Each structure stands twice: as structure tokens, then as C-alpha cells.
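K.L.:
Sequence and predicted structure are below.
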Amino acid sequence: EVQLVESGGGLVQPGGSLRLSCAASGFSFSSYTMNWVRQTPGKGLEWVSGINSGGDSTTYVDSVKGRFTISRDNAKNTVYLQMNSLKPEDTAVYYCNANRYELSQVYDYWGQGTQVTVSS
């Protein structure tokens with residue numbers, strides 16, 4: 001059974017930090033690109049950051065560049081999102097996503113999400 005389990009969300013004051021984790025099981029984690037995607041009631045789904053299967057290439061949405069860092073540990077089947085200098089507009093449910101494209105087949109898995117609230 002494929003599982004992606006996020007943790008690390010919570011309430012933090014503006015300027016604070018959180019580290020999200022996503023533990024994967026049931027598939028070949030090291031073969032998948034991993035992403036963090038967030039959702040707010042007003043803006044819908046927004047892709048935040050991605051990391052390739054080997055962990056040597058990362059990308060970010062402009063609004064989090066310089067504040068968030070994505071990383072992965074393929075030995076632990078876990079992807080992380082270090083979030084610093086948090087702003088109220090970062091408030092959202094953060095989802096972990098795994099995807100892989102093989103010929104014409106797309107493999108796409110999602111976690112259940114973890115709430116991040118940035119508020120004083």
C-alpha cells in the first residue's frame with residue numbers, strides 16, 4: 001500500500017520556522033520526484049517546491065525562494081521542507097506529492113496534508 005505521511009505542521013508566529021517531513025512507503029521512493037504543494041481556501045492548490053529523485057536538483061515558487069529549503073533522504077524514504085521567515089500568507093495545508101513518468105504511464109501519489117498556520 002502506498003503511503004505518504006506528512007508531519008511537522010502547526011501554529012507559528014510570523015518570522016518563525018517549521019520543518020515539515022513526509023515519510024513514504026509502498027513504492028520505490030528513490031525513483032520519484034517529490035513535491036510540496038499547498039492549498040488555501042482563497043488561492044486553491046499552489047505548487048511550492050520540488051526535488052528530483054537523486055536530490056541534486058531543486059526548484060521553488062518565487063514567493064518562497066530564499067526562505068524554504070527542500071531536501072530528501074532516500075535511505076529514510078523521507079522528504080523535508082524547512083520553512084524559515086514564515087509569513088501569514090504561508091498559511092495553508094501542505095501536501096506531499098510523489099510522481100514519476102515512465103513511457104506513457106504516470107504514477108502520482110499524495111499525502112493527507114498537514115496544516116501550517118502563521119499568525120501572531
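P.N.:
It's in. Numbers count the residues shown, from 1 in each chain.

K.L.:
As a check, name the ranges of all strands in this protein.
P.N.:
For the chain, the strands defined by DSSP state E cover 3-7, 10-12, 18-25, 33-40, 44-51, 58-60, 68-73, 78-83, 92-102, 105-110, 114-118.

K.L.:
So which bits of the fifth one are buried?
P.N.:
Right, strand 44-51. Residues V48, S49, G50, I51 are the ones in strand 44-51 that count as buried (16 or more other C-beta atoms under 10 Å). For the C-beta atoms, the positions are set from N, CA and C on the backbone; glycine is no exception.

K.L.:
cool, stretch 85-103 as well?
P.N.:
Buried residues in stretch 85-103 (16+ other C-beta under 10 Å): L86, D90, T91, A92, V93, Y94, Y95, C96, N97, A98.

K.L.:
If we ignore the residues flanking it in sequence, what's nearest the first one?
P.N.:
The spatially closest residue to L86, leaving aside those adjacent along the chain, is V118, at 4.6 Å (C-beta to C-beta, 6 or more residues apart in numbering).

K.L.:
quick revisit: now, among the buried residues of stretch 85-103, which is nearest to V64?
P.N.:
Nearest to V64 among the buried residues of stretch 85-103: D90, at 7.6 Å, using C-beta to C-beta.
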